[in-house]
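# Let me see the structure of the following:
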Amino acid sequence: MLVSNFGNDYELIRGSNGQKLERWGKVTLLRPDPVIIWQDTNINVNDADAVYHRSNTGGGYWENLKKVPDRWTINYKNLTFNIKQMGFKHTGLFPEQAVNWDRMIEAIRNSSKKSLKVLNLFAYTGGATLACLSAGASVVHVDSSKGMNDWAKENVISSGLQDKPVRFLVDDVIKFVEREIRRGNKYDAIVMDPPSYGRGANKEVWSIEKDLNRLLSLCEQILSDDYLFVCVNTYSTNLSLLTLENLLKTHFTNSKVQVDEIALPIKESNLYLPCGVTGWITHE
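Sure thing, here's the model as predicted:
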């Protein structure tokens, strides 16, 4: 298990009975989490500045109990992220990914290779993009949502990385990688955080069970011979630790494959919140 400690600007305070109380900078949010099936410390709704309520018909809404800004920023080391209340309970950041950002930064900074190229697929609001840029790599950031790409650009500017070499592309990841194969482009590292289900820029359907194996096969073809790392992260409940390990080992046969569960510590208990599985592949 890899435990992610985000730092002063985020903490998971309590988790019990399907809910988690979190502090994001100076704002405290109460959000549902289906993984929390245990009952531990009681959570008082009055401890939160805002609560997300699920709807019986799907989706849900935020109830602001106190004044909450339209958006605010939090910091992880030298990176700055813009946070806001989104539909379906999200905030635009997954703080448990800090443990992966640290590994990326260390690998890039310790590499003897110059002009490292990183491809970030399903790149969302750019956590991994910021980490790799800050370490000195160039990044191609691919996501099917223009809104997410625009948000990632804001995070790059807020972190003072706007002069770093980064390209933002609104595209379907499989189609993009297929074009990169035809172009003969190679990357020194690939990062991906595939959803269980999603749609591409032109309504292409993505299913992790059907499409991840194919995507990994394609990505193998655009890795440099002495590539630095591949990071595959997923929150899909259908993809167990062992399943991911088997999948990665069948593709990266001459590489070192490490698969872990990621977790966040719960401040007011000795428990940890599971936050998906991650695979880290390095060239041997």
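
# Show the contacting residues for D172.
S144, G200, A201, N202, E204 (CB atoms under 8 Å, 6 or more residues apart in numbering). C-beta here means a position set from N, CA and C on the backbone, and glycine is covered the same way.

# Which of those fall within helices?
If you go by DSSP state H, the contacts of D172 have nothing in helices.

# Compare those and tell me which has the most neighbours.
Most neighbours among the contacts of D172, by other CB atoms under 10 Å: S144, with 23 neighbours.

# Surely that residue touches P195?
No: applying CB atoms under 8 Å as the test, S144 and P195 come out as separate, 10.1 Å apart.

# ok, back up a step: any idea which of the contacts of D172 is closest to L264?
Using CB to CB, S144 comes nearest to L264 of those, at 27.1 Å.

# What is the nearest of the contacts of D172 to W280?
S144 (24.7 Å).

# do you know how far the closest one is from V191?
To V191, S144 is 16 Å away according to CB to CB, to the nearest Å.

# Now do the closest residue in space to P165 that isn't next to it in sequence against A263, distance only.
With sequence-adjacent residues excluded and distances taken as CB to CB, 6 or more residues apart in numbering, P165 is closest to S138, at 3.7 Å. To A263, S138 is 31 Å away according to CB to CB.

# So between the two, which is more surrounded?
The residue with more neighbours, out of S138 and A263, is A263; 19 against 16, by other CB under 10 Å.

# ok, that one - contacts?
M1, L2, V3, S4, E96, Y272, L273, P274, C275.

# let's see 10 Å
Shown in contact with A263 (CB atoms under 10 Å, 6 or more residues apart in numbering): 1-4, 12, 96, 99, 271-276.

# Need the pLDDT of it.
Reading off the confidence values, A263 has pLDDT 97.

# A strand includes it, no?
Yes: under DSSP: H, G, I helix; E, B strand; the rest coil, A263 sits within a strand.

# partner residues bridging it?
The partner list for A263 in beta bridges (DSSP bridges) reads V3, P274.

# What separation do you get for it and T278?
A263 sits 11 Å away from T278, taking CB to CB as the criterion.

# Tell me the secondary structure at the most far-flung residue of the chain relative to its centre.
The C-alpha centroid of the chain is most remote from N46, which lies 29.8 Å away (CA atoms, centre = their mean). Per three-state DSSP, the secondary structure class of N46 is helix.
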